[in-house]
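Student: Kindly generate the corresponding structure for this input.
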Amino acid sequence: MGTNDTSTPYRVLIVDDDSDMVALLSTWLKGSGFSVITASSGDEALTRLGMSRPHCVLTDLYMEGMDGMTLLSRIHANNPLMPVIMLSGQAGIPEAMKAMHLGIAAFLTKPVEKETLLSNVSRALRLSSDIAEARPKFGGGIIYRSTAMAELLEKAELLADSDITVFISGQTGTGKEVLAKAIHEASPRRDKPFIGVNCGAIPEQLLESELFGHERGAFTGAMNRHEGLLQAANGGTLFLDEIGDMPLGLQVKLLRVLQDFEVRPVGSTRSVPVNVRVISATHQDLAEAVKRGDFREDLYYRLNVVPLHMPSLAERREDIPALLDFFLDRIAQKRNAKKKRFAPDALEYLLAAPWPGNVRQLMNVVELCTTLIKTDIIPLSMAKSALREEPTGIHTLKVAKDAFERNYLIGVLRITNGHVANAARIAGRNRTEFYKLLAQHHLNAADFRKGGTLDTDGPEPTDIDAAENSADEQRDV
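Tutor: Numbering: from 1, shown residues only. Take a look at the predicted model:
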């Protein structure tokens, strides 16, 4: 009970000016496998904290000099998630309530039973985010302390130095793209582009042009040459998210790229060599998709050279306290505000939650809680409310329609370099209707022309283009 995954005892700091109580508590804890550090005052305890880095603090409420409440505040000023258990033989309900409001892990009344003490220490350690030892530099942006994640990152680190094709499976929201970026950042390609594309978020008719590029005049509205993402990622890494949603026709073309490392843009008669590492990911069971005929078997084996599985948040619950601490810290920095923290019972509730949306859902819950609560400590009621209000994985028809419509508009504007008349013609709308659609989705065609925020190859529309736009508008009307 008192050892962690690496067989190193958890360290418990006992703070009490009663030497007999210190001796008794030390005997109980050492007998259960804990490593014990002692201090006879609050000031000494603060010194011990910096030197010994305990995982849990066990302190008396009333002591000479600094009392337990002050010590609790001083500890949490530097480490908000350090679990602190308070003992007292004199305190009443007001003191206990104040301690709980300040984020105490447990408030125990003396004389305390041995089993009660040990069970509360064990419970508090589960809530600590400081148990993890130092991890390798690989995956510095990935927050974890679980064995499952440690093993995954060790394997991913071995793959980073090579150009081998990697396939990442895992539920939606687990952080597959974060892992792909970590592999890229640890590879010799780190100084070259990392480009990600969601194969399920782009309409089929635009995905081919987005990936492979097209020549001018390749199809109606292709006014300029467009370099695809495979060429844009040359020398670097291309991350194909939700690869299971790629249409069968494009799967053949992608397989050819992975075999020959050459890409042929739409409308071109020649292939262009590319040097790109491909990392793909999906939440689907691709082996089942192959059996159903929805995914090519040859492409599946070409992508699935080295499989990595991103565990769900429910499979790595040990990481939840550290992830919460990271999100709380990031939000505080972004808002230039004091860092908030979850009350111990709220933290325990979040540890036991099912988390169908995984890390993404956890992040949204933290964002909601910190926005709606004005106090420094987030109570259990707020955590429950935020978790219940999380949306399910299936969007409403309106949300899904809006997302598709916006992606479609972005796609046609990109391939036409912001030429509204051509984009409207591809979309089957007159220019007036098309402008209304752009306004609804807060899109500006000028952003897709040369010099806008989304630069493309080719010149800006000329006065001749403007004249064509006017003529097209007259015909459409």
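
Student: Against which helices or strands is the strand or helix carrying Val278 packed?
Tutor: Using DSSP states H and E, Val278 falls within strand 277-282. Counting contacts by 3 or more CB pairs under 8 Å, 6 or more residues apart in numbering; DSSP states H and E, strand 277-282 is packed against strand 166-169, helix 176-185, strand 237-241. The C-beta positions use only the backbone N, C-alpha and C, and glycine is treated the same way.

Student: Could you identify the longest helix within this structure?
Tutor: In the chain, taking DSSP state H as the definition, the longest helix is helix 397-415.

Student: average pLDDT across the helix or strand just after that helix?
Tutor: Later in the chain than helix 397-415, the nearest helix or strand by DSSP H and E is helix 420-427. Helix 420-427 shows a mean pLDDT of 83.

Student: what are the C-alpha coordinates of helix 420-427, in CSV please?
Tutor: What follows is helix 420-427 as a C-alpha-only set of coordinates in CSV (Å, rounded to 0.1, in the frame of the first residue of the first chain):
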residue,chain,number,x,y,z
VAL,A,420,-16.2,34.5,-55.8
ALA,A,421,-17.9,34.0,-59.2
ASN,A,422,-16.1,30.7,-59.8
ALA,A,423,-16.6,29.5,-56.2
ALA,A,424,-20.3,30.3,-56.5
ARG,A,425,-20.6,28.5,-59.8
ILE,A,426,-19.0,25.3,-58.3
ALA,A,427,-21.4,25.6,-55.4
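
Student: can you state the direction angle for that helix and helix 397-415?
Tutor: Helix 420-427 runs at 130 degrees relative to helix 397-415, counting by axes from the mean of the first three to the mean of the last three CA atoms, to 10 degrees.

Student: on that earlier part again, for Ala201, which of the helices and strands packed on strand 277-282 is the nearest?
Tutor: Proximity to Ala201 (CB to CB) singles out strand 237-241 among these, at 8.5 Å.

Student: how many other residues sit next to Ser381?
Tutor: 13 (other CB atoms under 10 Å).

Student: Within its local environment, how many residues does Val15 see?
Tutor: 28.

Student: I'd say it and Thr59 touch.
Tutor: Yes: between Val15 and Thr59 a contact is recorded at 3.9 Å, counting by CB atoms under 8 Å.

Student: gap between Leu324 and Val359?
Tutor: Distance, Leu324 to Val359, using CB to CB, to the nearest Å: 11 Å.

Student: With Ser146 instead?
Tutor: The gap separating Ser146 from Val359 is 12 Å, by CB to CB.

Student: the more surrounded of the two?
Tutor: Legend: neighbour count by other CB under 10 Å for Ser146 and Val359, higher for Val359 (23 against 18).

Student: Give the burial count for the residue lying closest to Ser35 once chain neighbours are set aside, as a bare number.
Tutor: The shortest distance from Ser35 to any non-neighbouring residue, by CB to CB, 6 or more residues apart in numbering, is to Pro9 (3.9 Å). If you count neighbours by other CB under 10 Å, Pro9 ends up with 16.

Student: Same question for Gly50.
Tutor: Using other CB under 10 Å, Gly50 is surrounded by 8 other residues.

Student: give the contact list for Ala346.
Tutor: Applying CB atoms under 8 Å, 6 or more residues apart in numbering to Ala346 gives the contacts Ile378, Pro379, Leu380, Met382, Ala383.

Student: host element of it?
Tutor: Using DSSP H and E, Ala346 sits within helix 344-352.

Student: again, but for Met149
Tutor: Element membership of Met149, judged by DSSP H and E, is helix 147-160.

Student: May I see the buried residues of that helix?
Tutor: Of the residues in helix 147-160, Ala148, Met149, Ala150, Leu152, Leu153, Ala156, Glu157, Leu159, Ala160 count as buried by neighbour count, 16 or more other CB atoms under 10 Å.

Student: helices or strands next to that helix in the packing?
Tutor: In terms of contacts (3+ CB pairs under 8 Å, 6+ apart), helix 147-160 is packed against helix 176-185, strand 306-309.

Student: coming back round to it: any chance of the buried residues of helix 147-160 in JSON lines, plus distance to Asp345 and pLDDT?
Tutor: Shown next, in JSON lines, are these (distance: CB to CB, whole Å; pLDDT from 0 to 100):
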{"residue": "Ala148", "distance to Asp345": "26", "pLDDT": "90"}
{"residue": "Met149", "distance to Asp345": "26", "pLDDT": "92"}
{"residue": "Ala150", "distance to Asp345": "29", "pLDDT": "89"}
{"residue": "Leu152", "distance to Asp345": "31", "pLDDT": "93"}
{"residue": "Leu153", "distance to Asp345": "32", "pLDDT": "92"}
{"residue": "Ala156", "distance to Asp345": "36", "pLDDT": "91"}
{"residue": "Glu157", "distance to Asp345": "37", "pLDDT": "89"}
{"residue": "Leu159", "distance to Asp345": "41", "pLDDT": "85"}
{"residue": "Ala160", "distance to Asp345": "41", "pLDDT": "88"}
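
Student: export the residues you listed to a markdown table and tack on distance to Glu210?
Tutor: Shown next, in a markdown table, are the buried residues of helix 147-160 (distance: CB to CB, whole Å):
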| residue | distance to Glu210 |
| --- | --- |
| Ala148 | 34 |
| Met149 | 32 |
| Ala150 | 36 |
| Leu152 | 30 |
| Leu153 | 31 |
| Ala156 | 27 |
| Glu157 | 31 |
| Leu159 | 27 |
| Ala160 | 27 |
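
Student: Quick check: the two most widely separated of those?
Tutor: Pairwise distances across those (CB to CB) peak at 19.1 Å, for the pair Ala148 and Ala160.

Student: Thought Asp319 was touching Leu350, still the case?
Tutor: No: the criterion here is CB under 8 Å, and Leu350 misses it with Asp319 at 11.8 Å.

Student: which one of these two has more residues nearby?
Tutor: Shown here are Leu350 and Asp319; by other CB under 10 Å, Leu350 has more neighbours (26 against 23).

Student: mind listing what the residue most central in space within the chain touches?
Tutor: Nearest residue to the geometric centre of the chain (CA atoms, centre = their mean): Gly175, 4.9 Å. Residues near Gly175 by CB under 8 Å, 6+ apart: Ile142, Met310, Asn358, Val359, Arg360.

Student: Let's see which of those end up in helices.
Tutor: Reading helices off these with DSSP H, I get Asn358, Val359, Arg360.

Student: hey, what's in contact with both of Val15 and Thr59?
Tutor: Taking CB under 8 Å, 6+ apart as the criterion, Val15 and Thr59 both touch Gly42, Ala45, Gly68, Leu71.

Student: Sweet, I'm off.
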